[in-house]
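Novice: With the sequence up front, the predicted model follows.
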Amino acid sequence: MKRQILFFAVLFFTLSTASQAQIFKMDEEPRLAFIDKAHYVSAAMQMDDYLPLLQGKRIGVVGNQTSIVGATHLVDTLLSCGIDVRKIYTPEHGFRGTADAGAKVSSGKDEKTGLPIVSLYGKNKKPTPEMLQGIDLILFDLQDVGVRFYTYISTMSYVMEAAAENDIPVVVLDRPNPNGFYVDGPVLKPENQSFVGMHPVPVVYGMTIGEYARMVNGEGWLKNGVRCDLTVIPINKYDRNAIYELPVRPSPNLPNWEAVYLYPTLCFFEGSIVSIGRGTETPFQVYGHPDMRGSFTFTPKSADGASKPLLEGQRCRGENLVEFAHGYAYNANRLHLEWLIEAYRQLSDKGFFTNYFRLLAGDKQLQRDIENGKNADDIRASWEADLDAFKAIRGKYLMY
């Protein structure tokens, strides 16, 4: 009897182990690490590496609420070190990061330091020669999220272009890309170029903002092929295959790591009639519409950073993806087109897509494929050749 029990125990262990081995073999996606703000050193913290470059020069800082050194703003830190900061240039959402997405940002003056703030998200997205007058060097420090339509990389590109045209060097302080662990999505076609997509890169490009700057410069993507005098200060202890919990929200509607993680896919809904939770406590973590099915409900309301959100005051049904985000270690590292396809299937007779979708996608084909009933795997397969070509370019500029 004991021998029989031992036999079945060994047999169960063998089958169980074989099953686990098979599951592990089938799981082709890497298991991601989760890294909080205490376990890496951003370039801004490594002041010995860049302060000597600033000494004796009149400095313009491109920054916002994410430009911090520990718990102190970069501008305050530089001034305390005796650096001659002359101007602050600020992107979408403003210097304090409170403006709505797409809202005009006005120039003005910083209340704390008295320094002039020059908006790069108003009349001029590219600095004019007058805006750069009296500046010897531009220091760029913005927390990006690694997605083509997140506009900080467009601001950086215009700053580099203007700096090159006016013989001003640029120093980029690198920060982690919280979506740096994969590359996916359609590659932008030139006819769809806009401020939410300036270069022939996929939606998710798997590079830090410093690496991206090197690529834009090295590939001659600035206007007329000009080259910027560029220096990138690297991050210490950066792990590309990791999810990063950012110390400061990069924009008003990305309040936590879950929203940042889900943003690459859910932002496609911004080009549709579906709400992604602007005006709720979970923006970019939910999606829904009054005519959709789903057990989860929410009602968008006007709030700071989300004035007059889509479907304001209407009870929406749909999906809450917070728990999906919490399963990051087991999720496929890719865009999750299934959500978009299912939402379209339910709302196809409601005029689902807006003109903005084409700019977000970077091509017309994604909308056509969804309208024609293609599944996610077939759509993704159509990107492979372009993604392979991009990865060959990308490889030349990776620093980590």
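Specialist: Alright, I've got the coordinates.
Novice: can we go C-alpha only for contacts and neighbour counts from here?
Specialist: OK.
Novice: need the helix or strand of the chain with the lowest average pLDDT.
Specialist: In the chain, no helix or strand scores lower on mean pLDDT, DSSP states H and E than helix 2-26, which sits at a mean of 36.
Novice: tell me the mean pLDDT for the helix or strand following it?
Specialist: Under the assignment DSSP states H and E, the closest C-terminal helix or strand after helix 2-26 is strand 33-35. Strand 33-35 shows a mean pLDDT of 91.
Novice: now the strands for the stretch 101-250 of the chain?
Specialist: Taking DSSP state E, counting those that start in this stretch, the strands of the stretch 101-250 of the chain run over residues 108-109, 116-119, 137-141, 170-173, 230-233, 242-244.
Novice: How far does the first one sit from its chain's centre?
Specialist: What it means is strand 108-109. Centroid separation for strand 108-109 versus its chain: 27 Å, with CA atoms, centre = their mean, to the nearest Å.
Novice: In the sheet, which strands lie alongside that strand, parallel or antiparallel?
Specialist: strand 116-119 (antiparallel) (DSSP bridges).
Novice: could you give the mean pLDDT of the strand it pairs with?
Specialist: Mean predicted confidence for strand 116-119 is 94.
Novice: residues of it that come out buried?
Specialist: I117, V118, S119 (16 or more other CA atoms under 10 Å).
Novice: Run through who's touching stretch 367-376.
Specialist: For stretch 367-376, the external contacting residues (CA atoms under 8 Å, 6 or more residues apart in numbering) are H336, L337, E338, I341, Y344, F353, F357, R358, I379.
Novice: Can you tell me which of these end up in helices?
Specialist: L337, E338, I341, Y344, F357, R358, I379 (DSSP state H).
Novice: By neighbour count, which of those wins?
Specialist: Y344 (23 neighbours; other CA atoms under 10 Å).
Novice: and the residue nearest to it when sequence neighbours are not counted, how many neighbours?
Specialist: Nearest non-adjacent residue to Y344, counting by CA to CA, 6 or more residues apart in numbering: F352, 6.4 Å away. Neighbour count of F352, defined by other CA under 10 Å: 18.
Novice: if we can go back for a sec, save the ones in helices among the contacts of stretch 367-376 as CSV, and put in distance to T155 and pLDDT too.
Specialist: What follows is the ones in helices among the contacts of stretch 367-376, written out as CSV (distance: CA to CA, whole Å; pLDDT from 0 to 100):
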residue, distance to T155, pLDDT
L337, 28, 98
E338, 31, 98
I341, 31, 98
Y344, 32, 98
F357, 21, 98
R358, 21, 98
I379, 30, 98
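Novice: Could you find which two of those residues are furthest from each other?
Specialist: Farthest pair in the ones in helices among the contacts of stretch 367-376 (CA to CA) is E338 and R358. Separation: 18.1 Å.
Novice: still on that earlier bit, go through the ones in helices among the contacts of stretch 367-376 and say which is closest to S302.
Specialist: F357 (23.4 Å).
Novice: how close does that closest one sit to K364?
Specialist: 9 Å (CA to CA, to the nearest Å).
Novice: same check, this time on M47
Specialist: From M47 to K364 the distance is 45 Å (CA to CA).
Novice: and if you look at A33?
Specialist: 35 Å.
Novice: more crowded one of those two?
Specialist: K364 (17 against 14).
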